[in-house]
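Trainee: Quick check, what structure comes out for this input:
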Amino acid sequence: MREHCHCGQTMNLGFRLVIFEGSYEIDRVPIYECEDCCNYEVFPEIRDDLTDLLRELKQNKENVRVTFTEINELADLIFGIYRQWNRADAPSFRVMLEQQCEERINLLLDVYGCAKGMGDIEWMNDISKRLSQLSKYVRKRQLSKAN
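Mentor: Okay, here's the model as predicted:
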């Protein structure tokens with residue numbers, strides 16, 4: 001997946017370790033990186049989730065290292081596709097991401113129904129959060145296609 005940098009070059013998708021205030025480490029954060037000017041940008045649809053996580057870690061005042069793909073559903077899908085994607089014989093990265101988002105949303109809705117049937121509020125809240133992370137991306141893509 002590629003985006004354009006402010007310098008005019010193409011930015012490639014990658015994953016980085018983000019270190020915040022020297023105490024908080026978040027691994028596997030999806031970013032766009034420009035090899036030409038060394039500019040880095042966090043994947044736009046996860047930026048708010050990353051900011052929220054940093055705020056939460058700072059409030060807990062723990063020196064901690066977390067893996068973002070374990071916390072963020074969209075980052076997990078992106079990482080899974082990134083690891084197995086073969087540009088030569090596969091559909092575009094965005095097409096694969098959209099397909100997998102739809103599949104994951106359907107799966108999470110099924111799991112939500114199970115959690116609701118069990119009356120597990122904590123599990124329902126976790127699934128709702130994961131659904132929200134995916135729906136931000138899907139909603140943005142649908143709006144951009146409509147325009």
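Trainee: rest of the way, CA atoms for contacts and neighbours
Mentor: Will do.
Trainee: in the protein, which spans are strands?
Mentor: Taking DSSP state E as the test, the strands found in the chain are 2-4, 10-20, 24-34, 40-42, 64-67.
Trainee: what's near enough to touch the one residue sitting closest to the centre of the chain?
Mentor: Taking Cα atoms, centre = their mean, the centroid of the chain lies closest to A75, which sits 2.5 Å from it. Taking Cα atoms under 8 Å, 6 or more residues apart in numbering as the criterion, A75 is in contact with 29-30, 46, 68-69.
Trainee: where's D36 relative to F43, distance?
Mentor: 18 Å (Cα to Cα, to the nearest Å).
Trainee: From what I see, M96 and F79 are in contact.
Mentor: No. The criterion here is Cα atoms under 8 Å, and M96 misses it with F79 at 11.9 Å.
Trainee: Give me the more crowded residue out of the two.
Mentor: Comparing M96 with F79 by other Cα atoms under 10 Å, the one with more neighbours is F79, at 19 against 15.
Trainee: Wait, the more buried one touches F68, no?
Mentor: No. Here F79 does not reach F68: they are 10.1 Å apart, not a contact under Cα under 8 Å.
Trainee: Report the set of residues contacting both of these two.
Mentor: Listed as contacting both F79 and F68 by Cα under 8 Å, 6+ apart are R28.
Trainee: and the closest residue to N63 other than its chain neighbours, how many neighbours?
Mentor: Among residues not flanking N63 along the chain, S23 sits closest, at 5.0 Å (Cα to Cα, 6 or more residues apart in numbering). When neighbours are counted by other Cα under 10 Å, S23 registers 13.
Trainee: likewise D52?
Mentor: Look at D52: counted by other Cα under 10 Å, it has 12 neighbours.
Trainee: before we move on, the earlier item: what's the distance between the residue nearest to N63 and T51?
Mentor: 15 Å.
Trainee: what's the answer for W123, then?
Mentor: 23 Å.
Trainee: Tell me the spacing between M124 and E102.
Mentor: Counting by Cα to Cα - M124 and E102 are separated by 19 Å.
Trainee: Of these two, which one has the most company?
Mentor: Per other Cα under 10 Å, whichever of M124 and E102 has more neighbours is M124, with 20 against 14.
Trainee: Brilliant, that's me finished.
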